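Peer 1: okay, structure incoming, though there's no sequence with it:
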């Protein structure tokens, strides 16, 4: 039996914004990984995302709202590797 973790990608409008997002989450004790957004979720091809686990999504969004860093978009990464946008 294979157990797959569910992750969310918080899409940011720039690399700097993504770095600030990651830093704010890490300061709050939330593990966050910075990565280039997959082409399938970002048609502009130049954005970056911060990946958080499913259990950390709600605290991450609360933390980001508190520090004034609202995400551009949020996607869930499905177990088959596809992405679906999450409406907030």
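Peer 2: Nice, I can see it. Remember, it's a predicted structure, so these values are computed and weren't measured experimentally.
Peer 1: switch to C-alpha atoms for all contacts and neighbour counts from now on
Peer 2: Fine.
Peer 1: which pLDDT does the model give residue 83?
Peer 2: pLDDT for residue 83: 90.
Peer 1: ok, residue 70 next?
Peer 2: Here, the pLDDT recorded for residue 70 equals 88.
Peer 1: just the element for the spatially closest residue to it that is not a sequence neighbour, please.
Peer 2: Among residues not flanking residue 70 along the chain, residue 64 sits closest, at 6.0 Å (CA to CA, 6 or more residues apart in numbering). Using DSSP states H and E, residue 64 sits in helix 57-66.
Peer 1: relative to residue 18, how far out is residue 24?
Peer 2: According to CA to CA, to the nearest Å, residue 24 stands 10 Å off from residue 18.
Peer 1: so where's the protein uncertain?
Peer 2: Within the chain, the stretches with pLDDT under 70 are 1-4, 43-45.
Peer 1: give me that answer again for 80
Peer 2: Along the chain, segments meeting pLDDT under 80 span 1-5, 42-46, 78-81, 88.
Peer 1: and the longest helix for the chain?
Peer 2: helix 15-27 (DSSP state H).
Peer 1: neighbouring strands - and their directions - for the following helix or strand past that helix?
Peer 2: Following helix 15-27 in sequence order, the next helix or strand is strand 33-36 (DSSP H and E). If you go by DSSP bridges, strand 33-36 pairs up with strand 48-53 (antiparallel).
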